[in-house]
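Asker: missing the sequence, but the structure's below:
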């Protein structure tokens, strides 16, 4: 997604992610983990993976480390996690550098750690963790970064990896527009721009690249579709997606501004006035030894 990764957008996409997740893979990931797992979440944002996975792992005690470069996002994680706990009627409190959530049958400790994933993955200390999660990360990374990361996984004893909501390039509007293909081609080209992670981003090729790298290193890999289904009830997300497509396409082809803006205006009308729907393809992946 080309929108800024601010907390408003992350909050807007969170229910889409929750509805799209391949729950079976989350359950399978949980069964691999020990009774009291230590989990590291890469590119954590405000901690949505904790909120969406903690109740699906089947583990009463969990210790999470959130890895995020953006300190502003990371600083908002305790508030988001606290509101999640309040909605569920759970106790929560800050404890040293961590945040604690407790209820009758679950205790979750969450630590926030600022770390730039452009650094050497060996600096993450992955060998300390029982499992690794990442959401909407691998379409942003480069192939060299991915290769280094998978090499580090192998050297750390093949910890299980649950990688979710990776964009795969499938986009379907329920009502077609003649310029859909033109704008989406520009958008997907924009996705391949470098994101500071070792070179051009994998973009829509990320699911295949991730499978190939992990299986080549000796992992067993399962994948499942995890598509966003955006309808009239998600109009704010739909309009945000259109704005993201428009912005990226213009940055990619400034000579076609009028054409792209015309497309976006028609798309906004279809979404707002005619209830048009949008499906955005993603994939979830579970890798285990």
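Answerer: That came through fine. Because the structure is a prediction, the values reported are computed rather than measured. Numbers count the residues shown, from 1 in each chain.

Asker: got the contact list for stretch 153-162?
Answerer: Residues outside stretch 153-162 that contact it (Cβ atoms under 8 Å, 6 or more residues apart in numbering) are 25-26, 29, 32-33, 53, 122, 126-127, 129-134, 214, 217-219, 284-289. Yep, even glycine has a C-beta here, placed from its N, CA and C like the rest.

Asker: Which of those fall in helices?
Answerer: 25, 26, 29, 32, 53, 214, 217 (DSSP state H).

Asker: List the contacts of residue 257.
Answerer: So residue 257 contacts residue 250 (Cβ under 8 Å, 6+ apart).

Asker: Just to be sure, it is in a helix?
Answerer: Yes - per DSSP: H, G, I helix; E, B strand; the rest coil, residue 257 lies within a helix segment.

Asker: per-residue pLDDT, it?
Answerer: If you check residue 257, the pLDDT there is 98.

Asker: now do residue 5
Answerer: Confidence at residue 5, expressed as pLDDT, is 62.

Asker: Helices of the stretch 101-250 of the chain, start to end?
Answerer: Remark: helices assigned in the stretch 101-250 of the chain by DSSP state H, counting those that start in this stretch are 143-155, 180-191, 206-217, 235-252.

Asker: For the last one, buried residues please.
Answerer: To tie it back to what came earlier, the one meant is helix 235-252. For helix 235-252, a neighbour-count test (16 or more other Cβ atoms under 10 Å) marks 237-242, 244-250, 252 as buried.

Asker: Farthest-apart pair in the residues you listed, please.
Answerer: 237 and 252 (22.3 Å; Cβ to Cβ).

Asker: which ones are touching the nearest residue to residue 106 once chain neighbours are set aside?
Answerer: Distances taken as Cβ to Cβ, 6 or more residues apart in numbering put residue 60 closest to residue 106, at 5.5 Å, once the chain neighbours are dropped. Residues near residue 60 by Cβ under 8 Å, 6+ apart: 35, 105, 106, 107.

Asker: quick one: least confident of the residues you listed?
Answerer: Ranking those by pLDDT, residue 105 lands last with 89.

Asker: I'd like to know how far the residue lying closest to that one once chain neighbours are set aside sits from residue 108.
Answerer: Once flanking residues are discounted, residue 105 sits nearest to residue 60: 5.8 Å by Cβ to Cβ, 6+ apart. Counting by Cβ to Cβ, to the nearest Å, the separation of residue 60 from residue 108 is 9 Å.
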